[in-house]
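Engineer: build the 3D model from these lines:
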Amino acid sequence: MLLAVAHGSRDPAAVTSVRALLRVVRTLRPELTVRCCFLDLARPSLEDALARLAGRQPILVPLLLGTGYHLQVDLPAALAAAGLPHTHLAPALGPHPLLAEALADRVTESGAPADAPVVLAGAGSSDPTALADTERMARLLATRLGRPVTPAHLSAATPTPHQAVAALQAAGHPRIALATYLLSPGHFAHRAATTPATWTSAPLAAHPAVARLVLHRYDQARARTTARLAA
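Structural biologist: Alright, predicted model coming up:
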């Protein structure tokens, strides 16, 4: 069983987006049982989902784009409380080339031309590991697009997307594309849309490459669990 763990949001569109992504996951692998839960602000909670699955051994796949506090502290603690080993926790989704594929498609869909400078707008974090993940994702997207990508952070770190866009404009680039490095609509997506960038991409949402990545992370964790049982 795959138990997808999303961050959660007060915005109903965010929950709808997560459920749409998981419908694509189920389409790709119909024989796999897929459930979802949320860390905060939406239901079911992670604790409730694990309680309902008492006796089963789900693989937790965080629908998180980087390694931060939730992945390092909250999710391992929830696994321990449920009596499940750490091997049942998959890595964060990002950074990964499949996310670069999805981001590149979203930038193209925004109408941005192939020569426009790009700012990658991640959620931001006070955790250096999470910030490094966003910088790595910017490099992966740059490789995919064949042009430089500037990483930026919507909270807790600099440069902010506004600062990154302004710096590129000051350097002589009047038209800039903003790649929204978020899974779902919500507070940060609204903030990303307020920059003076000429084009702003939509969140990743139910892009097929993201769905393939969810299954890839599930398979990674499943393989570790199998190897542990065989040892």
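
Engineer: give me the mean pLDDT for the helix or strand where residue 179 lies.
Structural biologist: Using DSSP states H and E, residue 179 sits within strand 177-180. Per-region confidence: strand 177-180 scores 98 on mean pLDDT.

Engineer: next, the buried residues of the helix or strand following it.
Structural biologist: Sequence order places helix 187-192 as the next helix or strand after strand 177-180, per DSSP H and E. Across helix 187-192, burial judged by 16 or more other C-beta atoms under 10 Å covers 188, 189, 191, 192. For the C-beta atoms, the positions are set from N, CA and C on the backbone; glycine is no exception.

Engineer: try stretch 151-165
Structural biologist: Neighbour count says stretch 151-165 has 151, 152, 153, 154, 157, 160, 161, 162, 164, 165 buried, by 16+ other C-beta under 10 Å.

Engineer: so what does the strand or helix carrying the last one touch, helix or strand wise?
Structural biologist: Residue 165 is part of helix 161-170 when elements are defined by DSSP H and E. In this structure, helix 161-170 packs against strand 118-122, strand 149-153, with contacts taken as 3 or more C-beta pairs under 8 Å, 6 or more residues apart in numbering; DSSP states H and E.

Engineer: let's see 10 Å
Structural biologist: The contact analysis (3 or more C-beta pairs under 10 Å, 6 or more residues apart in numbering; DSSP states H and E) places helix 161-170 against strand 118-122, strand 149-153, strand 177-180, helix 187-192.

Engineer: these: which one's closest to residue 128?
Structural biologist: Nearest of the helices and strands packed on helix 161-170 to residue 128, taken as C-beta to C-beta: strand 149-153 at 11.8 Å.

Engineer: for the record, mean pLDDT for the closest one?
Structural biologist: pLDDT averaged over strand 149-153 gives 98.

Engineer: other SSEs contacting it?
Structural biologist: Strand 149-153 is packed against helix 97-109, strand 118-122, helix 128-145, helix 161-170, strand 177-180, with contacts defined by 3+ C-beta pairs under 10 Å, 6+ apart.

Engineer: would you turn the ones you listed into TSV with distance to residue 216?
Structural biologist: Formatted as TSV, those follow (distance: least, C-beta to C-beta, whole Å):
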stretch	distance to residue 216
helix 97-109	7
strand 118-122	21
helix 128-145	15
helix 161-170	28
strand 177-180	21
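
Engineer: first-to-last residue distance for stretch 145-153?
Structural biologist: By C-alpha to C-alpha, to the nearest Å, the extent of stretch 145-153 from end to end equals 20 Å.

Engineer: err, stretch 182-200, not the other one
Structural biologist: Stretch 182-200 end-to-end distance (C-alpha to C-alpha) = 12 Å.

Engineer: and stretch 119-129, which residues are buried?
Structural biologist: Those would be 119, 120, 121, 122, 123, 124, 125, 127, for stretch 119-129 by 16+ other C-beta under 10 Å.

Engineer: then stretch 142-151?
Structural biologist: 142, 144, 145, 149, 150, 151.

Engineer: same question, stretch 70-81
Structural biologist: 70, 71, 74, 75, 78, 79.

Engineer: quick revisit: let me know the closest of the buried residues of stretch 119-129 to residue 17.
Structural biologist: Distances from residue 17 to the buried residues of stretch 119-129, taken by C-beta to C-beta, are shortest for residue 123, at 14.7 Å.
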